[in-house]
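Undergrad: Dropping the sequence and predicted coords here.
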Amino acid sequence: MTAQQNVQSWQPELMRRDFPVLFQEVHGRPLVYLDNAATTQKPRAVIDAISRYYLEDNSNVHRGVHTLSERATAQMEIARDKVQHFLNAGAREEIIFTRGTTDSINLIAYGFGHGVLKEGDEVLITAMEHHANIVPWQQACEFSGAKLQVAAINDAGELDLEDFKRKLSSRTRIAAFAHISNALGTINPIAELTQLAHAAGAAVLIDGAQAVAHAPVDVRALDCDFYVLSSHKLYGPTGVGVLYGKRAWLERLPVYQTGGDMIREVTFERSTFAPLPHKFEAGTPHIAGIIGFGAAIDYVNTLPWPALIEHERSLLEHATRLAKAVPGLKIIGEAANKAAVLSFTLEHVHPHDIGTFLDFEGVAVRAGHHCAMPVMQRFDVPATARASFAAYNTADDVERLFAAIESVRKTFA
């Protein structure tokens, strides 16, 4: 199937029927939702799965022998199997449920800071990272005496590969980088970066929060040591995330949080901990959210990936063409390999004002630093407005966005 046929075969209007929230008006205008990099909307199948749990199976997991507990436990563990197959992980024990990408990165950074890193070691990240992939490593380095190295990005928002290679050394214990930049849309060459890091003897963590809804991910093919993601970026509920980790690393790292469900035996003298995956799952999990995430994976598995990818690419190309025709509009992030994210500034208009004015036109975008302040500093802007597209967006959504931008431009002119 050709790229053009892929676009023609994809019908976002049919997908939109599955998302009740999209059929509403905001300030008297039909909603155009273009804030998908912050969170995607939820299909009815996910909403129904969560409701069904509370209506029929509400109970705690792993602790009960009664029917409701057994049903809830089974559904949660089935969701773990779904994540394993979705990522092509080698074993279900390598799938840890967390509160989200941020929680997952904190878990690994804590483990490295307390169990791997020592003075003189280094951690390598990139200059396009989300705060969640910066601050935990700063804390780990501060605790352990290791040093944080940062690979530069160029004026297009692409990783400077030569600088990454220069910063990588025998002292690097882990390289942590985004699959896709949330602020720029840049798609990093993660397979190549992983090979380079492994050749230097370093482990690899990939922040996949922005990637999993836009392309298939195979962690075994990538050979990464850790891959982290959030359910709510993948049409699932908030408050649920996944840490994939190679079994050898997960067994090596110290426990992150302690308490119920992650213990094997407790006395007042000492405690021993449960095997994987429960070693890292202290306390009652977000059971309904995990079950809802399982439903989201089922939903995503019905989507035709090639057509979806080409559709989102066509939306970005259309939006980029229109953006370049707007006087005073500057695109921030023009990588050659880019996801469907359009970050921009508009001359004489603060991005917060752009976002507010667009909202009155029914268009939802994100405005701010996007938890990527170093990126804003690199491009010498206080913030950007960001339109981010999903499979259910349409060419008409793009047209509505730029009609609203023109209204903003004329108002402030």
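TA: Noted; the coordinates are in hand.
Undergrad: Spell out for me which residue occupies the centre of this protein.
TA: By C-alpha atoms, centre = their mean, the chain has its centre lying nearest to Ala209, at 1.1 Å.
Undergrad: what residues are up against it?
TA: When contacts are counted by C-beta atoms under 8 Å, 6 or more residues apart in numbering, Ala209 touches Thr101, His130, Ala178, Asn182, Val228, Leu229, Ser230, Lys233. Placement of C-beta: from N, CA and C, glycine included.
Undergrad: show me the contacts for the residue nearest to it when sequence neighbours are not counted.
TA: Sequence neighbours aside, Thr101 is the residue nearest to Ala209 in space, at 4.2 Å (criterion: C-beta to C-beta, 6 or more residues apart in numbering). Counting by C-beta under 8 Å, 6+ apart, Thr101 touches Ala132, Asp207, Gly208, Ala209, Val228, Leu229, Ser230, Lys233, Gly241.
Undergrad: Now, of the residues you listed, which are buried?
TA: For these, a burial check counting by 16 or more other C-beta atoms under 10 Å picks out Ala132, Asp207, Gly208, Ala209, Val228, Leu229, Ser230, Lys233, Gly241.
Undergrad: Could you report the distance from the first one to Thr39?
TA: Counting by C-beta to C-beta, to the nearest Å, the gap between Ala132 and Thr39 amounts to 15 Å.
Undergrad: how about the nearest residue to Glu399, chain neighbours excluded?
TA: Here the residue nearest Glu399, using C-beta to C-beta, 6+ apart, is Leu322, at 7.9 Å.
Undergrad: Distance-wise, check the one you found relative to Ala109.
TA: 40 Å.
Undergrad: Name the residue in the two with the higher neighbour count.
TA: Ala109 (26 against 18; other C-beta atoms under 10 Å).
Undergrad: What score does the more buried one have for pLDDT?
TA: Looking at Ala109, its pLDDT is 98.
Undergrad: and which of the contacts of Thr101 is nearest Ala387?
TA: Lys233 (15.9 Å; C-beta to C-beta).
Undergrad: Hmm, Asp207 and that closest one touching each other?
TA: No. Assessed by C-beta atoms under 8 Å, Lys233 is found out of contact with Asp207, at 10.9 Å.
Undergrad: Reformat the buried ones among the contacts of Thr101 as a markdown table; add distance to Gly355, pLDDT and secondary structure.
TA: Listed next are those as a markdown table, based on distance: C-beta to C-beta, whole Å; pLDDT from 0 to 100; DSSP: H, G, I helix; E, B strand; the rest coil:
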| residue | distance to Gly355 | pLDDT | secondary structure |
| --- | --- | --- | --- |
| Ala132 | 22 | 98 | helix |
| Asp207 | 25 | 98 | strand |
| Gly208 | 26 | 98 | coil |
| Ala209 | 21 | 98 | coil |
| Val228 | 28 | 98 | strand |
| Leu229 | 26 | 98 | strand |
| Ser230 | 22 | 98 | strand |
| Lys233 | 20 | 98 | helix |
| Gly241 | 26 | 98 | strand |
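Undergrad: so which of those residues comes closest to Glu94?
TA: Nearest to Glu94 among these, with distances taken as C-beta to C-beta, is Val228, at 12.4 Å.
Undergrad: How about the closest one, nearest residue that isn't a chain neighbour?
TA: Per C-beta to C-beta, 6+ apart, closest to Val228 is Ser104, 3.7 Å.
Undergrad: show me the contacts for the one you found.
TA: Taking C-beta under 8 Å, 6+ apart, one finds Ile96, Thr98, Phe226, Val228, Leu229, Gly241, Val242, Leu243 in contact with Ser104.
Undergrad: In three-state terms, label it for me.
TA: Following DSSP: H, G, I helix; E, B strand; the rest coil, we place Ser104 in the helix state.
Undergrad: swap in Gly157?
TA: Three-state assignment for Gly157 (three-state DSSP): coil.
Undergrad: Compute the number of surrounding residues for it.
TA: 23.
Undergrad: didn't it look like it was pressed against Ala336?
TA: No. Gly157 is not in contact with Ala336 according to C-beta under 8 Å; the separation is 10.1 Å.
Undergrad: So, low pLDDT: which residues of the stretch 301-413 of the chain?
TA: Filtered on pLDDT under 70, the stretch 301-413 of the chain yields no residues whatsoever.
Undergrad: Please, where are all the strands along it?
TA: Taking DSSP state E, counting those that start in this stretch as the test, the strands found in the stretch 301-413 of the chain are 329-331, 341-346, 363-364, 366-368, 384-388.
Undergrad: Good, wrapping up.
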